[in-house]
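Asks: structure, please.
(2 chains)
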Protein chains: 2
Amino acid sequence: MVTKEDIIFLRQAIDLARRGMESGLGGPFGCIVVRNGEVVGEGSNGVTSTNDPTAHAEIMAIRDACRRLGDYQLTDCTVYTSCEPCPMCLSACYWARLDAVYYGACAADAARAGFDDAFLYDEFRKSPAERQLPSTQLLGDEAWSSFQTWLDTPNKIEY
Amino acid sequence: MVTKEDIIFLRQAIDLARRGMESGLGGPFGCIVVRNGEVVGEGSNGVTSTNDPTAHAEIMAIRDACRRLGDYQLTDCTVYTSCEPCPMCLSACYWARLDAVYYGACAADAARAGFDDAFLYDEFRKSPAERQLPSTQLLGDEAWSSFQTWLDTPNKIEY
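Replies: This is a model prediction of the structure:
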């Protein structure tokens, strides 16, 4: 069930999107991470101002929250983001073990504004051979060996 | 066509994977970015040592290359990575406008070693409503307004 709090937090993310764009940080995207009703991370798109193609709002907000909380997992946290996360950012939400995502605009809206989000979702529905970015597997056995070492290592920090 | 150079560069990525794991930086993943036969970026997994769930080898290598080259796009660059990129990292390769990806182990290997890569690829083949991470759209019109401003802004830096 959507709560008044959800609306308030999503408006904060939408506000970050506008402020980031108007400050020249990058595209119109903003995001906050919330735990127990408290904002623990925030970010806006900084791709062009920081020369970092991974500096999407969600990645920035997740990294900010992890820094503040001193953890690489954000269990019990929710993301509020001005636009549906692209596949990079949605994957980051999974890796961060977030509980839920609330978003404003959808990937089709982002596409209408000139961004590749919908194209990327299409790419992931294809087999690797059909994708536009060519990828080739080599040296599978050599590459496996460090996984085997990982499996054989006791007391490693898993994630 | 696979060249001797491709083999050499992929072995460098595999070596980074092992060294990063053995140094306690994180999981057994390494990556390099190459332009015109020269290594311009490198990275290994640093999730647990840096408290950053987005610090996958490919993300680290792409960010390193962008920093060194002073650009948010890596056109004419190729990625060599010890394991098939997860959806987060593959998306980052698209956003960085990379030319090609060479990888060692595959996502199924990563799954056998305890990582979620194959699970994530499955999630992207599902509709949003079927995915394990719940996502909800709200305030679509309010969120669109900053995209409209973006479209109406002349001389913006697109990416």
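Asks: can you show me the strands along chain A?
Replies: A:30-35, A:38-44, A:77-83, A:100-105, A:135-137 (DSSP state E).
Asks: so which of the ones you listed is nearest chain B?
Replies: Shortest distance between chain B and the strands of chain A, using Cβ to the nearest Cβ, is found for strand A:100-105: 2.5 Å. In this view, the C-beta of every residue, glycine as well, is placed from N, C-alpha and C.
Asks: circling back to that earlier point, out of the strands of chain A, which is closest to residue B:147?
Replies: strand A:100-105 (6.2 Å; Cβ to Cβ).
Asks: tell me the strands beside that closest one, with direction?
Replies: Applying DSSP bridges, strand A:100-105 is found paired with strand A:77-83 (parallel), strand B:135-137 (parallel).
Asks: pull the distance from that strand to the chain's centre.
Replies: Distance, stretch centre to chain centre, for strand A:100-105: 12 Å (Cα atoms, centre = their mean, to the nearest Å).
Asks: give me the angle between that strand and strand A:30-35.
Replies: 160 degrees (axes from the mean of the first three to the mean of the last three Cα atoms, to 10 degrees).
Asks: what's near enough to touch the most centrally placed residue in chain A?
Replies: The structure's chain A has its C-alpha centroid closest to residue A:89; by Cα atoms, centre = their mean the separation is 2.2 Å. For residue A:89, the contacting residues are A:56-59, A:81, B:88, by Cβ atoms under 8 Å, 6 or more residues apart in numbering or on different chains.
Asks: just the closest of these to residue A:142, please.
Replies: Among these, and counting by Cβ to Cβ, the member closest to residue A:142 is residue B:88, at 24.1 Å.
Asks: give me the neighbour count for that closest one.
Replies: Other residues near residue B:88 come to 26 when the count uses other Cβ atoms under 10 Å in any protein chain shown.
Asks: same check on residue A:46?
Replies: Residue A:46, neighbours per other Cβ under 10 Å, totals 22.
Asks: now it. Nearest residue, chain neighbours left out?
Replies: Leaving out its chain neighbours, the residue that sits closest to residue A:46 by Cβ to Cβ, 6 or more residues apart in numbering or on different chains is residue A:55, at 4.0 Å.
Asks: wait, doesn't the one you found sit right on residue A:47?
Replies: Yes: assessed by Cβ atoms under 8 Å, residue A:55 is found in contact with residue A:47 at 5.1 Å.
Asks: identify the contacts common to the two.
Replies: In contact with both residue A:55 and residue A:47: residue A:26, using Cβ under 8 Å, 6+ apart.
Asks: does the longest helix anywhere in chain A come close to chain B?
Replies: Using DSSP state H, we find that the single longest helix of chain A is helix A:4-22. Yes: contact between helix A:4-22 and chain B is present through A:6-7, A:10-11, A:14, A:17-18, A:21 (criterion: Cβ under 8 Å from any Cβ of the partner chain).
Asks: filter those residues down to the buried ones.
Replies: Among the residues of helix A:4-22 next to chain B, the ones that count as buried by 16 or more other Cβ atoms under 10 Å in any protein chain shown are A:6, A:10-11, A:14, A:17-18, A:21.
Asks: let's have those residues in CSV, adding pLDDT.
Replies: Output for these, formatted as CSV (pLDDT from 0 to 100):
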residue, pLDDT
A:6, 97
A:10, 98
A:11, 98
A:14, 98
A:17, 97
A:18, 96
A:21, 95
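Asks: and residue A:110, how far from chain B?
Replies: Relative to chain B, residue A:110 is positioned 7 Å away (Cβ to the nearest Cβ, to the nearest Å).
Asks: I'd say that residue and residue B:144 touch.
Replies: No: applying Cβ under 8 Å, one finds residue A:110 not in contact with residue B:144, separated by 9.9 Å.
Asks: now residue A:79, nearest residue through space, not along the chain?
Replies: residue A:101 (4.9 Å).
Asks: contacts only, for that neighbour.
Replies: A:78-79, A:81, A:85, A:90, A:93, B:133-136.
Asks: make it 10 Å
Replies: Applying Cβ atoms under 10 Å, 6 or more residues apart in numbering or on different chains, one finds that residue A:101 lies in contact with A:31, A:58, A:78-81, A:84-85, A:89-90, A:93, B:128, B:131, B:133-137.
Asks: for residue A:53, see how far away the nearest residue to residue A:87 once chain neighbours are set aside is.
Replies: The spatially closest residue to residue A:87, leaving aside those adjacent along the chain, is residue B:91, at 4.4 Å (Cβ to Cβ, 6+ apart). To residue A:53, residue B:91 is 10 Å away according to Cβ to Cβ, to the nearest Å.
Asks: mind listing the shared neighbours of the two?
Replies: residue A:88.
Asks: so between these two, which is more surrounded?
Replies: residue B:91 (30 against 27).
Asks: quickly note the distance from that one to residue A:92.
Replies: 9 Å.
Asks: hey, what's in contact with both of those two?
Replies: A:54, A:56, A:86.
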